[in-house]
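Engineer: no sequence on this one, just coordinates:
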């Protein structure tokens, strides 16, 4: 029973005392658990164009690696995270300075958060003008840590932000983590609704998701080309019949409904 007991105690120490993910805050003391799931439909761009699908965003590139040796379960490997982001950027074929926003893993621990931010700054700060810092946030401050569904939640959040041209606020940030040299890194945290307008330059975002086993994943998301969105929204779908879905506990209740 010893191994099982050890895991349980370790898990308990990872949870925030108030049940909230206070990511990047000085009071960060672990994560608050959330429940949920997410689903996206992935398709080759050429196939989506051929069938006239409503294209919401593009997965421009991705990368996966392993932390390798580290100091402990809640201590990620900064070098592995840097390599991960560089590989994802290379796979996407874009420069670090082209990333506007990063949906961080951001568990909400006093040690893990600084390691993640420093890794992001080391890579995304390359060639970036000081007047154009990247924005960093995490959905965990809004909905908690969905654990196995945390990564897909972050991806969906970024796609919605691209669609609505707005980055939602990062919550529970009262006093920034003092272990992060905010004045020296080209990053800002959006504590209010922040415009993310489509313009002459393509919008790109990074999404990070790290597993407790040491697996690291990062994807580069690109906004859907505006002509595609326009065609999809303007297309009229005609069909001879339509499906209406109803739910009830019994046949009688269904008929009444």
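Structural biologist: Right, received. Where do you want to start? Remember, it's a predicted structure, so these values are computed and weren't measured experimentally.

Engineer: residue 216 is in contact with residue 88, correct?
Structural biologist: No - using CB atoms under 8 Å as the test, residue 88 is too far from residue 216 to be in contact (10.0 Å). For glycine as for every other residue, the C-beta is placed from the backbone atoms N, C-alpha and C.

Engineer: low-confidence ranges, the stretch 1-150 of the chain, go.
Structural biologist: With pLDDT under 70 as the threshold, the stretch 1-150 of the chain has low-confidence stretches at 1-13, 74.

Engineer: can you pull out the helices in it?
Structural biologist: Here the stretch 1-150 of the chain has its helices, by DSSP state H, counting those that start in this stretch, at 2-13, 45-50, 78-92, 112-124, 140-143, 150-164.

Engineer: residue nearest the centroid of the protein?
Structural biologist: Note on the chain: the residue nearest the mean C-alpha position is residue 154, at 2.9 Å, using CA atoms, centre = their mean.

Engineer: how close does the closest residue in space to that residue that isn't next to it in sequence get to residue 131?
Structural biologist: By the measure of CB to CB, 6 or more residues apart in numbering, the closest residue to residue 154 outside its immediate chain neighbours is residue 103, 4.2 Å from it. Per CB to CB, to the nearest Å, residue 103 is found 23 Å from residue 131.

Engineer: between the two, which one's more packed in?
Structural biologist: With neighbours defined as other CB atoms under 10 Å, residue 103 and residue 131 compare such that residue 103 has more, 28 against 6.

Engineer: kindly state the beta-bridge partners for the more buried one.
Structural biologist: Beta bridges link residue 103 to residue 137, residue 207 when assigned by DSSP bridges.

Engineer: contact partners for it?
Structural biologist: With contacts taken as CB atoms under 8 Å, 6 or more residues apart in numbering, residue 103 has the following neighbours: 137-139, 154-155, 157-158, 205-208.

Engineer: at 6 Å what do you get?
Structural biologist: With contact set as CB atoms under 6 Å, 6 or more residues apart in numbering, residue 103 has these partners: 154, 158, 207.

Engineer: and for residue 120?
Structural biologist: Residue 120 is in contact with residue 102, counting by CB under 6 Å, 6+ apart.

Engineer: cool, and the one 5 residues further on?
Structural biologist: By CB under 6 Å, 6+ apart, the residues touching residue 125 are residue 186.
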